[in-house]
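1. predicted model and sequence follow; I will ask about them next.
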Amino acid sequence: AAGVPSATTWNVVEQVNTGAAGAFAAAPAGGDVFLSTIGKLKAPYRARARFAMNRGTEAETRKLKDSNGAYIWQPGLQAGVPSVLAGYPVALFEDLAAIAANSLSIALADFMEAYEIVDRRGITLIRDNLTAKPWIKFYTTRRVGGDVVNFEAIKLIKFAV
């Protein structure tokens, strides 16, 4: 049917290469990957989209300049105002990969559409009155998970040629 993604494209997050293994492309083209990634994200997801990266990647990204020598990173100068990269806010996700050859270190996404966190109802409680007599131990568990649910709402930047 028209407009329905095929099985081979629906379960794959699209990736945009930086043009250099383990680095951004040489100046002044290093920031072009951000514009290419924005162009790949469909219009309905751009309004709430934001870049995500870890602190080390942020430090390298802040050094990128355009062809006029101006930094492409715009820091948030007021409390509560996020830094901006190519017009999109930036969030720090410490669990994203550090920059390395073939790493997926930066994401651009409407995370509300792209990712879903599942929280199973209830907490399991086990009472243990045998292990540490005369005390009683309680073991609690809670099941939480998450996954990409909309592959069109997220794009990844890969540090590769």
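-> Cool, got the structure.

2. now do the buried residues in stretch 111-120.
-> Neighbour-count burial for stretch 111-120, counted by 16 or more other Cβ atoms under 10 Å, picks out Phe111, Glu113, Ala114, Tyr115. In short, each C-beta sits where N, CA and C put it, glycine included.

3. ok, stretch 118-127 next?
-> Under 16+ other Cβ under 10 Å, stretch 118-127 has no buried positions.

4. contact partners of it?
-> Residues outside stretch 118-127 that contact it (Cβ atoms under 8 Å, 6 or more residues apart in numbering): Ile136, Lys137, Phe138, Tyr139, Thr140, Thr141, Arg142, Arg143, Val144, Gly145, Gly146, Asp147.

5. Ser36 against Thr18, yeah?
-> No - if you go by Cβ atoms under 8 Å, Ser36 and Thr18 don't touch, sitting 9.5 Å apart.

6. before we move on, back to that, tell me which of the contacts of stretch 118-127 is nearest to Asp95?
-> Gly146 (11.8 Å; Cβ to Cβ).

7. which of the three states applies to Tyr45?
-> helix (DSSP: H, G, I helix; E, B strand; the rest coil).

8. count of neighbours near it?
-> 20 (other Cβ atoms under 10 Å).

9. how much space between it and Arg120?
-> Separation of Tyr45 from Arg120 (Cβ to Cβ, to the nearest Å) stands at 28 Å.

10. which members of the buried residues of stretch 111-120 occur in helices, if any?
-> Among the buried residues of stretch 111-120, the ones falling in helices (DSSP state H) are Phe111, Glu113, Ala114.

11. quick check: end-to-end length of stretch 151-161?
-> 23 Å (Cα to Cα, to the nearest Å).

12. what about the strands in this protein?
-> Assigned by DSSP state E, the strands in the chain fall at 14-17, 19-20, 23-24, 50-53, 73-74, 84-85, 88-92, 104-109, 115-119, 124-128, 137-141, 144-148, 154-158.
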